[in-house]
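>>> Predicted model and sequence below, questions to follow.
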Amino acid sequence: LANMKKRDVAVVGEIYIDHIFTGFATWPKPGEEVFTREYMREIGGGAANTACALGRLGRSVSLFGVIGATDAGWFESRLRDFGVSMDDLDQTQGNTGVTVSVSMLDDRSFFSYHGENERVMSMLWSETVLRSLEEARHVHFAMPLDRELAAHLLPALRNAGCTTSLDVGFRPEWLRSEENFETCRAIDYLLPNEREASVLSGSDATDYLSFAKKRGLKQAVVKLGSRGAIMLAGGIQYEVSSPSVEVVDTTGAGDAFDAGFIDALLDDAPPEDCLRRACLCGSLSTRASGALSALPLREELENIYEHTYAS
């Protein structure tokens, strides 16, 4: 089935335009204005970050989400830089979601507007969209999936020979809901970070692995940030450390981790290799400001892999 697929990965989720302001010395008081010379506009949201990371590795990727039509030209040129197709982005007359990130040296705040992301769930009920998702070898959801929608999509994707992964982000209400555990069981790879795994299990990350096994999750993976990652697969626990890098910005590191993990899955790599590639992608992405600037190319990933994990 894999050889008959049209693309390697379909990535689904909320899409934002990020306005990133850095270099402020102090927060303004109410009614005051402060200026910076450091500003960047970038594509944002976990779905776009993971799609771009996979595209940078040379995978054929299509991004599924909703944007305002007036932004389509900019999205197309930016996604083209990473080799990501926007053929499956729904364009509407509304406004694309927006996040404004304002950083001090020791703190940062985010102001976000959902915009057309509120239409993503209804878009995914479309049979046309489902047919398009089925054309991918792997489907990654970077969003909290509605239970009813998951029950509709996941069996169909499995029947079409697609593997699936899910990164809901830090959504405590979704993670605590018993009905959503059915979705966690139905997905091939749930990819929580340490904090999210703790919410799911009500305990710490290592306990999450045994908790996941008891609750019938197919694979148990936890991202541990700079400490690497752990995974329970086939009754064996794997632990991988992250390489040491000079960290500039951790924005999107978890999304890059997801991309490295999926990239290894597409090669039918063993669990330890999936974690290693994931940790490398996540770590390397932190070397520059923003989620996309430092994403590794395939050759760089392979070279650093050899250097880091040579036995």
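Yep, it's here. Because the structure is a prediction, the values reported are computed rather than measured. Numbering: from 1, shown residues only.

>>> got the buried residues for the helix or strand hosting residue 196?
Taking DSSP states H and E as the definition, one finds residue 196 inside helix 194-201. Using 16 or more other Cβ atoms under 10 Å as the test for burial, helix 194-201 gives 194, 196, 197, 198, 199, 200, 201. C-betas here are computed from N, CA, C, even on glycine.

>>> Turn the residues you listed into CSV, including pLDDT and distance to residue 18.
Below are the buried residues of helix 194-201 laid out as CSV (pLDDT from 0 to 100; distance: Cβ to Cβ, whole Å):
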residue, pLDDT, distance to residue 18
194, 93, 24
196, 94, 22
197, 94, 26
198, 93, 27
199, 93, 25
200, 91, 28
201, 90, 31
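
>>> hmm, back to that, excluding its own residues, what touches the helix holding residue 196? List them.
168-170, 172, 175-176, 184, 192, 204-205, 207-208, 211-212, 222-225 (Cβ atoms under 8 Å, 6 or more residues apart in numbering).

>>> I'd like to know which of those are buried.
Among these, those classed as buried by 16+ other Cβ under 10 Å are 168-169, 175, 184, 192, 205, 208, 211-212, 222-225.

>>> quick one: which of the buried residues of helix 194-201 is nearest residue 11?
Lowest distance from residue 11 to the buried residues of helix 194-201 (Cβ to Cβ) belongs to residue 196, with 18.7 Å.

>>> circling back to that earlier point, list the ones among the contacts of helix 194-201 that fall in strands.
Among these, DSSP state E puts 222, 223 in strands.

>>> Which secondary structure state does residue 34 sit in?
Assigned with DSSP: H, G, I helix; E, B strand; the rest coil, residue 34 falls in the coil class.

>>> Correct me if wrong: residue 99 contacts residue 15.
No - assessed by Cβ atoms under 8 Å, residue 99 is found out of contact with residue 15, at 10.5 Å.

>>> residues in contact with stretch 103-122?
In contact with stretch 103-122 (Cβ under 8 Å, 6+ apart) are residues 12-16, 20-27, 45, 65-68, 90, 92, 94-102, 143, 146, 149.

>>> how about 7 Å then?
Residues outside stretch 103-122 that contact it (Cβ atoms under 7 Å, 6 or more residues apart in numbering) are 14-15, 21-22, 24, 27, 65-68, 92, 94-102, 143, 146, 149.

>>> Can you turn the buried part of those into a PyMOL selection?
Restricted to buried positions by 16+ other Cβ under 10 Å, the PyMOL selection for the contacts of stretch 103-122 reads:
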select buried, resi 14+15+21+22+24+65+66+67+68+94+96+97+98+99+101+102+143+146+149
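
>>> out of the contacts of stretch 103-122, which are inside strands?
Checking these against DSSP E, those in strands are 21-22, 65-68, 92, 97-102.

>>> among those residues, which two are most distant?
Every pair of the ones in strands among the contacts of stretch 103-122 checked by Cβ to Cβ; the farthest is 22 and 92, at 31.0 Å.

>>> quick one, what contacts residue 149?
121, 124, 125.

>>> Any figure for the gap between residue 182 and residue 208?
Using Cβ to Cβ, to the nearest Å, one gets 18 Å for the distance from residue 182 to residue 208.
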